[in-house]
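Chemist: starting from these lines, generate the structure:
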Amino acid sequence: MAILISEFYGKKVISNAGKVLGEVKGLMLNFEDGAVSHLLLTDAEYLIRSSNPKADLQKNSVAYKRVKNGVN
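Modeler: Numbers count the residues shown, from 1 in each chain. All right, here's what the predicted structure looks like:
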């Protein structure tokens, strides 16, 4: 199944407990797998300029493999 990347932007990300975590502002792609690896809940520029990008990525993204209900 193919999904346009533009369909992800602005979608709400909600936890299993029903808490809104944020909305999708960007995607990380794994070019080796040809798949989305993370949904970014902050602008990519913030992560690029971060003094600790690994920690900020962990706090401001959701691994796509954890997504249970994708883009419809």
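Chemist: give the residue farthest from the middle of the chain.
Modeler: If you look at how far each residue of the chain sits from its centre, by C-alpha atoms, centre = their mean, the farthest one is Ser51, at 19.9 Å.
Chemist: just confirm it is within a helix.
Modeler: No: under the criterion used here (DSSP: H, G, I helix; E, B strand; the rest coil), Ser51 is coil, not part of a helix.
Chemist: need the per-residue pLDDT for it.
Modeler: At Ser51, the model reports a pLDDT of 93.
Chemist: ok, the one 4 residues further on next?
Modeler: In the predicted model, Ala55 carries a pLDDT score of 93.
Chemist: mind checking which helix or strand it is in?
Modeler: Element membership for Ala55 (DSSP states H and E) is helix 53-59.
Chemist: helices or strands up against that helix?
Modeler: In this structure, helix 53-59 makes packing contacts with helix 44-49, judged by 3 or more C-beta pairs under 8 Å, 6 or more residues apart in numbering; DSSP states H and E. Using the backbone N, CA and C atoms, a C-beta is placed for each residue, glycine as well.
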